[in-house]
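In: next input, structure requested:
(chains A, B and C)
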Amino acid sequence: MTYLSKTIILVAGLALAACTNPDRFADGDGSGTGGAGLSGAASDPTSSAYFQQAVGDRVLFAVDQSTLSAQAQSTLDAQAQWLMTNSDYTAVIEGHADEQGTREYNLALGARRANSVRDYLVSRGVADNRLRTVSYGKERPIEICSEEACYTKNRRAVTVLAAGSVS
Amino acid sequence: MPRVNTGQIISGTAHLAVIGWVFFGGVLQSDPPQVEVVEAVAVSSEEYAAIMARQSAPEAAADVDTPEPPEAGEAAPALSSGTDAAPEVNRPEVSDTPPPDARPEAPERPAPAPTDVTDTPPALTAPSEDTAALVPETSLRPQPRPAPRVAPEPVAPSEPDVRVDDVARPEVAPEEGADAVEDQQEATAPEEATTEIVTEAERPETPVPTASVRPRARPTRLAEAEADTETATAPPEPTPPEPTPPDTDRDAVSDALAAALGQDSAPAERRPSGPPLSAGEKDALRVAVQQCWNVGSLSSDALATTVVVAVSMAETGKPEMSSIRMLSHTGGSASAAQQAYEAARRAIIRCGADGFDLPQEKYAQWRDIEMTFNPEKMRIK
Amino acid sequence: MIRSFLTLLAALTFWAMPATAQENSGPLRLEITEGVIEPMPFAVPDLVAESAQARDLATRIARVIAADLSGTGLFREIPAEAHIGRITNFDSPVQFADWRAINAQALVTGAVSLDGAGRVVVKFRIHDVFAGQELGRGQQLVGEEDGWRRIAHKVADQVYSRITGEGGYFDSRVVFVSESGPKGERAKRLAIVDYDGANLRYLTDASTIVLAPRFSPTGDRVLYTSYETGFPRIYLLDVADVGRRALPTLDGTMSFAPRFSPDGRTVLYSLTQGGNTDLYTMDIASGASVRLTNAPSIETAPSYSPDGSRIVFESDRSGSPQLYIMEARGGEAQRISFGRGRYGTPVWSPRGDLVAFTKQAEGRFHIGVMRTDGSEERLLTASFLDEGPTWAPNGRVIMFTRETRGEQGEARLYTVDITGRNLRQVPTNGGASDPSWGPLQE
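Out: Predicted coordinates for the structure are as follows:
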């Protein structure tokens, strides 16, 4: 009896989890290559593919830093421009760190990076209710070698587009 | 949107699989069979006494079973609920229990440990890139090699055939026809040892050459030690030895008896107390005991405890086991003192098993010994 | 009769010649300060099977006891092939000479029987071979047959504790993150194992990232961080039925790095809001949170002192991550780490005297310990990436994550004695990280 009811509850729970997780997860996919089912040719300037490839969806950071370089700022200027034009989109900004740090500290560091991107975009006119931040710390490196060449690409903040409201 | 369709198919399949798995595979089986270890029930004192009594009378014990101690109410087995006792179905994700007769070894080790997995930290051969990041090791200090044993003096690895022992002994072959007192013994050598614990963090990354320089020269130490002991023993204790309780000390009894009956009076009677032991003689005894004083299996609390242990020696130089007792302890808790004392006792008994090398003519000087075991120096190894 | 006559005579003899007998000058006094540090040789012959069905268990239990003791690095087993003596009856006197001959310094004897109701009864004794006597008293343990490993661990805990004076830790479990898949998209799920790697069981599936679990003080619940909602959030999981619930959080924030207070009622954790991470506590029953730190720097990886009065944590308020201690209710914090490099993940030892930490210096990671005032720092390990120490319940051993470098890099669990000796890998059947060592089980 107890076993049966518990099983039913858990089955239901698991089914739910299985339903929601992949979608949620794709939204926040740390690789930053997703776009979560938002398709469209890169030639279409309103597509997420265009945002990713032509505008540039990511900025890089120096070791332990969350300040934006001049290059990062120009990328973000373009992102802000695009987001203002394509107001149907919302975005989740993912912060990442390289593997040279402890797990929890890197989580906090990634959050700092994501937030500095968010603050910059807001300062450039993007409504702040269209932006959310999340940190993956060192959990989702895009390059997996243990060299500075990879670390430098992993210390990043990626603006991942989603359709509709964020929260 | 073919991608979504594929996704739906995958999702659907996965759902079915998951649901099937849940129902038939028992993935949600909750806890493993609840282990109800009824807590360590100490054998009651009556039983214990009974067990001990049987020990001295083994014949009687042969067919008597140890009675089960009454199980206290609170130690009663908690009946597992229906939920806990979920049917045992094959759980795909749960690994098999590793073979019970060995501590399961991990499937892949980063690098094979050189010799003895038990004692030697896995020597992770540092990838060459690592070395670049390191400050070159320029220390001139000889690096102690990691060895499972830490001893006052470093010991080089012994020859392969030699049995490890606490005392280095020459090989003794039975002499033909001779009234050989000494047993035949194989050659032994002290186990390989280093002088201090070397942690992984303290080890240089590149393997240390095996022919490393020995860090310390012995002569200086001995000289120091002699100086120490000389001053320490300068004022002889005025207290006379208490007559040993006659029924516990057979040797004393027989000595005294022999003396009283006037037999064999030369050695036993006015055994001259002789001059005090020389510093060298005392040092030899000290060294002999410390070779067996193993503090490697003591708690940090016990390692902070100094114990004073009394022992009476037979004329053969062997400690009398029943005479060994703890006189006092300082530094740690009473329970830590017990472990510290037991380690000291093992040292005396083990290294005294063949008799300490002490001058016969000074027997009265070393018949009763008080040894202070102070592990302070061993804590920082 | 004859004996008492001799005794009397002997006593008279002593009286008769006081001058000469008392010439010697009291006991010889020696101070022993240099000893050796080496594993103590011990023997655990197979237990005596007191019923035919128990024969298999008699061997298996003895093997687990021996593996536990050897695994500490403080003991070295003398294998059965070398034994001369045989234990055939639990209550017969031990022939100590047989065990002295093979230099076994400790001997564990035992007997096992099955009571017919699926329960195992194990009796055991610990002997000091050279002193020729039993250490402590014989004991008996009763448990269910499929819990035989726990019984063996409990016996080993008693032996270890009786000989070394340390508390035991063998009958304990570890919760950790089991890892699989490529480095760029590692699948992670919570798992629980016995301290020696046996009885692995998963607590979550691999559908989302889970991080840094922590056992409750009683070992029945686990706190961890999960990306189940797409954002890091703290969950509370019941170990027995794997039921879990998310703890309340503020929208638009991240919460992570949860730790139980010593009484198990409060969660100490990090909350990130607007890019800034601070420490908070939450009452588990009510969900009410209290903010402990309020600084623009990162404050994370906290750990309570065993008495719950203070908190050690990691902060980069000085410019790089360092360790700090403050009162449990917050307020002024004292920096305790001053060596070269970055310090993180401090964990207060169960005895309260030490803090274990991760240190990053000169391109390498270390696990180290220091006193709570920052003195006597000692690094125990060194590798490409060591992190996240957790203490054995007795405070003598530390478990941590070691990750190898490169594209094929993988994480594994290791243990090391607080002296820095006896580094060992914990078998975990694949990648493993973020261990949390639970308490000694009841």
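In: from here on, just use CA atoms for contacts and neighbour counts.
Out: Noted.
In: confidence score at residue B:134?
Out: Residue B:134 carries a pLDDT score of 33 in this model.
In: same deal with residue C:398?
Out: Residue C:398 is given a pLDDT of 98.
In: so what's the backbone phi/psi at the closest residue to it other than its chain neighbours?
Out: Using C-alpha to C-alpha, 6 or more residues apart in numbering or on different chains and skipping residues adjacent in sequence, the residue nearest residue C:398 is residue C:391, 4.7 Å away. Phi and psi for residue C:391, reported as degrees, to the nearest 10, are phi -90, psi 140.
In: next: residue A:49.
Out: phi -60, psi -40.
In: so how many other residues sit close to the spatially closest residue to it that is not a sequence neighbour?
Out: Distances taken as C-alpha to C-alpha, 6+ apart place residue A:42 nearest to residue A:49, at 4.8 Å, with adjacent residues excluded. For residue A:42, the neighbour count with other C-alpha atoms under 10 Å in any protein chain shown is 15.
In: so what's residue A:42 up against?
Out: A:48-51, A:53-54 (C-alpha atoms under 8 Å, 6 or more residues apart in numbering or on different chains).
In: one more: residue C:216?
Out: So residue C:216 contacts C:222-223, C:260, C:264, C:438 (C-alpha under 8 Å, 6+ apart).
In: for whichever strand or helix holds residue C:161, what is the distance to the chain centroid?
Out: According to DSSP states H and E, residue C:161 maps onto helix C:148-164. Averaging C-alpha positions (C-alpha atoms, centre = their mean, to the nearest Å) puts helix C:148-164 13 Å from its chain's average.
In: isn't the residue nearest to residue C:398 up against residue C:435?
Out: No - using C-alpha atoms under 8 Å, residue C:391 makes no contact with residue C:435, being 9.6 Å away.
In: between those two, who's got more neighbours?
Out: Set side by side, residue C:391 and residue C:435 show more neighbours around residue C:435, with 28 against 25, by other C-alpha under 10 Å.
In: and the helix or strand hosting the more buried one, what does it pack against?
Out: Using DSSP H and E, residue C:435 sits in strand C:431-440. With contacts taken as 3 or more C-alpha pairs under 8 Å, 6 or more residues apart in numbering or on different chains; DSSP states H and E, strand C:431-440 sits against strand C:172-180, strand C:210-215, strand C:385-391, strand C:397-403, strand C:411-417.
In: between the longest one and helix C:148-164, how many degrees?
Out: In terms of direction (axes from the mean of the first three to the mean of the last three C-alpha atoms, to 10 degrees), strand C:172-180 departs from helix C:148-164 by 120 degrees.
In: quick one: average pLDDT of strand C:172-180?
Out: What strand C:172-180 shows for mean pLDDT is 98.
In: between residue C:391 and residue C:435, what contacts are shared?
Out: Both residue C:391 and residue C:435 are in contact with residue C:399, where contact means C-alpha under 8 Å, 6+ apart.
In: enumerate every residue touching the residue positioned nearest the centre of chain C.
Out: What sits nearest the mean C-alpha location of chain C, by C-alpha atoms, centre = their mean, is residue C:392, with 1.9 Å. Contacts of residue C:392 were listed using C-alpha under 8 Å, 6+ apart, and they are C:169, C:398-399, C:437-439.
In: now pLDDT and secondary structure too, for the contacts of residue C:216, in TSV please.
Out: Shown next, in TSV, are the contacts of residue C:216 (pLDDT from 0 to 100; DSSP: H, G, I helix; E, B strand; the rest coil):
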residue	pLDDT	secondary structure
C:222	98	strand
C:223	98	strand
C:260	98	strand
C:264	97	coil
C:438	97	strand
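In: cool, thanks, signing off.
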